[in-house]
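Q: Any chance you could fold what I've pasted below:
(2 chains)
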Amino acid sequence: MSRSLRFLPVAVVLILIAAFVWRLANPPDSTVPSRMVGRAVPAFQLADAVPTMPGFTSAELATGKPRLVNLFASWCVPCIAEAPVLKDLKRRGVAIDGIAIRDRPDDVAMFLQKNGNPFQRIGSDPTSRVQIALGTAGVPESFVVDGRGVIRHQHIGPIAPGEVPTILAELEKAR
Amino acid sequence: MRAAILALAIAMAAPAFADSSLPPSYWANRQLPDERQEAKAQALMAELRCLVCQGQSIADSDAELAGDMRDLVRRRIAAGENPEQIRGWLVDRYGSWVSYRPTSEPSAWPLWGAPIVLIGLGGLLAMKRLKGRAR
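A: Next up, the predicted model:
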């Protein structure tokens, strides 16, 4: 083996180590964006998640005005953090529909009682069927749906107070 | 001190896999009565990525969403859909990332090309060595 090649293995190992260190320092984005953005909401019918409020169908999302669809759950801790932000959005006149993922009526009612109820309607998705149809990987997630029932924006994770302007802008764009 | 550390650890722990209080979906952990259908479902589930524990297939994962996806796969197979249709339906929603089977998209070309390149390199190396020995 020629002299210049002698250090090749060392170089390869060093490059590998550098690659590992770089990836550890910059972990890849593990969020899964939905491919449904820009397309009509998939057809679904959701029964009410709490007896006191109506559920809704996908067709009922096309109300002529943009709406926010929020996937949440009573067992989801970040959803508690998101609740005041949703309340703030409601106060600013945003129409919000909730989809309770894998939840029980009693638990949802308790969650609303504790954290406030920013929703106009809440549908129940006990087997994550609608969640999968929407292409989402967890809770909470939110979708901006325009007046014709087309998904215009997806927000993954809880909406932070600082992200309210983004959501409002997306709702405005969907008008 | 120990109590403070413990409290801090509990406060900082990310409840990423918080589970609901509902039982798994009906077909999540149940085999289909038809053996051939179950085999088809199993083969497909082994090639679908769990969206929660992203290194596992939905066949291996204990995540609730993986269970719900197994339920969806088994229901659709039992309803007569073929596995590629179901895979396509999921890819349509989550992107080709959700399927472990490599596609022919340009981003997968290095994967298909790698064996050819490696065999070529190996051949070159072997040729060099054999020639050197013959001398």
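
Q: Count the neighbours of residue 47 for me.
A: Went with chain A since none was named. 13 (other CB atoms under 10 Å in any protein chain shown). Quick note: C-beta positions are derived from backbone N, CA and C, even for glycine.

Q: meant chain B, my bad for not saying
A: Residues near B:Glu47, counting by other CB under 10 Å: 15.

Q: The one 10 residues further on too?
A: Here the count is done by other CB under 10 Å, and B:Ser57 has 18 residues near it.

Q: what do you get for B:Gln42?
A: B:Gln42 has 16 nearby residues by other CB under 10 Å.

Q: can you tell me the helix or strand for it?
A: B:Gln42 is part of helix B:35-45, with elements assigned from DSSP states H and E.

Q: What score does residue 118 have for pLDDT?
A: Defaulting to chain A. Per-residue confidence (pLDDT) for A:Pro118: 96.

Q: The chain in question should be chain B.
A: B:Leu118 is assigned 96 on the pLDDT scale.

Q: What separation do you get for it and chain A?
A: 14 Å (CB to the nearest CB, to the nearest Å).

Q: Checking my notes, that residue in a strand, right?
A: No - per DSSP: H, G, I helix; E, B strand; the rest coil, B:Leu118 lies outside any strand segment and is helix.

Q: give me the low-pLDDT residue ranges for the chain?
A: Chain wasn't specified; assuming chain A. Applying pLDDT under 70 to chain A flags the ranges A:1.

Q: wait, chain B
A: Checking chain B against pLDDT under 70 turns up B:1-2, B:5-18, B:134-135.

Q: Spell out which parts of it neighbour chain A.
A: Contacts of chain B with chain A, taken as CB under 8 Å from any CB of the partner chain, map to B:15, B:18-22, B:25, B:51-52, B:54, B:64-65, B:68-69, B:71-72, B:90, B:92-95, B:97-98.

Q: Please name the residues that touch the spatially closest residue to B:Gln56 that is not a sequence neighbour.
A: Take B:Gln56 and drop its neighbours on the chain: the residue closest to it by CB to CB, 6 or more residues apart in numbering or on different chains is B:Cys50, 4.7 Å away. When contacts are counted by CB atoms under 8 Å, 6 or more residues apart in numbering or on different chains, B:Cys50 touches B:Gln56, B:Ser57, B:Ile58, B:Asp60, B:Ser61, B:Ala63, B:Leu65, B:Ala66, B:Met69.

Q: Counting neighbours, what do you get for the first one?
A: The burial metric for B:Gln56, expressed as a neighbour count using other CB under 10 Å, is 14.

Q: Next: the third one.
A: Here the number of neighbours of B:Ile58 (other CB under 10 Å) works out to 28.

Q: Out of the contacts of B:Cys50, list just those in strands.
A: If you go by DSSP state E, the contacts of B:Cys50 have nothing in strands.

Q: From these, which land in helices?
A: The helices, defined by DSSP state H, take in B:Leu65, B:Ala66, B:Met69 from those.

Q: List the residues that contact the last one.
A: Neighbour list for B:Met69: A:Ser128, A:Ile132, B:Met45, B:Leu48, B:Cys50, B:Leu51, B:Ile58, B:Leu90 [criterion: CB under 8 Å, 6+ apart].

Q: how much space between the second one and B:Pro33?
A: Yep, that's A:Ile132 we're talking about. Remark: distance between A:Ile132 and B:Pro33 (CB to CB, to the nearest Å) = 24 Å.

Q: Sounds good, over and out.
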